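Asks: Here's my sequence, what's the structure:
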Amino acid sequence: MMTSSDDLAYIDENLHIIKERIAEAKAKYRSPGEDVRIMAVTKTVAPEAVNHAVELGLDLLGENRVQEYLSKAELYDRSAEVQFIGHLQTNKVKYIINSVSMIQSVDSLRLGQEISRLAVKNGRTMDILCEVNIGGEESKSGIAPEGLRELIAQLSELEGLEIRGLMTIPPPGDSDFFLGRMKELYDSISAEYPRMDTLSMGMTHDYAEAVRYGSTLVRIGTGLFGARNYTR
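Replies: As a prediction, the model looks like this:
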């Protein structure tokens, strides 16, 4: 389905609002010069709309599903960086290992081992984030906070991986509390692993609050492209 000029104008307006809200949160809660990247989450979004967002200056795309990504990848503006943010099965890693710059959803040693194996095989290093189930929700993937340090220690021994930080999707009803907990967890662990520089949290409903609590990367889909049937 083609994207209309009205749809594209809507993206322009939404991005303006998003940037304003982030700027307000940064001015109120963050130190000058701290960067917050905006990721355009592209699940179910037409490539024309994605490329328009890239033309507006959004150079970071977030993909949720391997099959959908593979069907659209060749149509994307090549100047944009693509990261994988969805739940990833080990048997799907081979399809994205050479085309994404980061996998944000690593939540098990088994997945990390497969990424490591394929990264080494392809002569590259894959940046990863550990996904944390900060709210302990059964419906969400992610490592429990109490198991995070052990997982990071195990992953740090693997070749071909660079652990860049943490990612989370807090429970929507009490996101302030869990965003604060996530910030404390990140500060504690990143002090032990100095190469960590990324705290990926905040989506359409809570990105301004996430900026308040130290997020360096917010993942926005509905707030940018409009309402669709998806959860990240």
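
Asks: Find the centremost residue of the protein, please.
Replies: Ile85 (5.0 Å; C-alpha atoms, centre = their mean).

Asks: got the residue ranges for the strands in the chain?
Replies: Along the chain, counting by DSSP state E, strands occupy 37-41, 60-63, 81-84, 102-106, 126-132, 161-168, 198-200, 217-220.

Asks: check contacts around the residue nearest to the centre of the chain.
Replies: 39, 41, 62-64, 104-105, 167, 200, 219, 232 (C-beta atoms under 8 Å, 6 or more residues apart in numbering). For glycine as for every other residue, the C-beta is placed from the backbone atoms N, C-alpha and C.

Asks: Put the buried members of the residues you listed into a ChimeraX selection.
Replies: In ChimeraX syntax, the buried subset of those is picked out as below (16 or more other C-beta atoms under 10 Å):
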select :39,41,62,63,64,104,105,167,200,219,232
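
Asks: Reformat the contacts of Ile85 into a markdown table and put pLDDT and distance to Leu70 next to each item.
Replies: As requested, these are exported to a markdown table (pLDDT from 0 to 100; distance: C-beta to C-beta, whole Å):
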| residue | pLDDT | distance to Leu70 |
| --- | --- | --- |
| Met39 | 98 | 19 |
| Val41 | 98 | 17 |
| Gly62 | 98 | 15 |
| Glu63 | 98 | 9 |
| Asn64 | 97 | 12 |
| Gln104 | 98 | 18 |
| Ser105 | 98 | 17 |
| Met167 | 98 | 22 |
| Ser200 | 98 | 23 |
| Arg219 | 98 | 20 |
| Arg232 | 37 | 18 |
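
Asks: which of the contacts of Ile85 lies closest to Lys72?
Replies: Among those, Glu63 lies closest to Lys72 (C-beta to C-beta), at 8.5 Å.

Asks: which ones are touching that closest one?
Replies: 42-43, 69, 82-86, 96, 100.

Asks: Sort out which one of those lies nearest Leu155 for me.
Replies: So of those, ranked by how close each gets to Leu155 (C-beta to C-beta), first place is Phe84, at 16.2 Å.

Asks: Quick check: that closest one touching Ile103?
Replies: Yes - in this structure, Phe84 is within contact of Ile103 by C-beta atoms under 8 Å, at 4.8 Å.

Asks: For those two, list the residues in contact with both.
Replies: Ile96.

Asks: ok, Leu109 - contacts?
Replies: By C-beta under 8 Å, 6+ apart, the neighbours of Leu109 are 151, 154-155.

Asks: again with Ser108
Replies: 143, 151.

Asks: Could you measure from it over to Ile128?
Replies: 12 Å (C-beta to C-beta, to the nearest Å).

Asks: do the same with Gly62
Replies: 14 Å.

Asks: ok, back up a step: so how do I select the buried members of the contacts of Leu109 in PyMOL?
Replies: Remark: buried members of the contacts of Leu109, expressed as a PyMOL selection using 16+ other C-beta under 10 Å:
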select buried, resi 151+155
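
Asks: In a markdown table, list the contacts of Leu109 along with pLDDT and distance to Ile22.
Replies: Shown next, in a markdown table, are the contacts of Leu109 (pLDDT from 0 to 100; distance: C-beta to C-beta, whole Å):
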| residue | pLDDT | distance to Ile22 |
| --- | --- | --- |
| Leu151 | 98 | 30 |
| Gln154 | 98 | 35 |
| Leu155 | 98 | 30 |
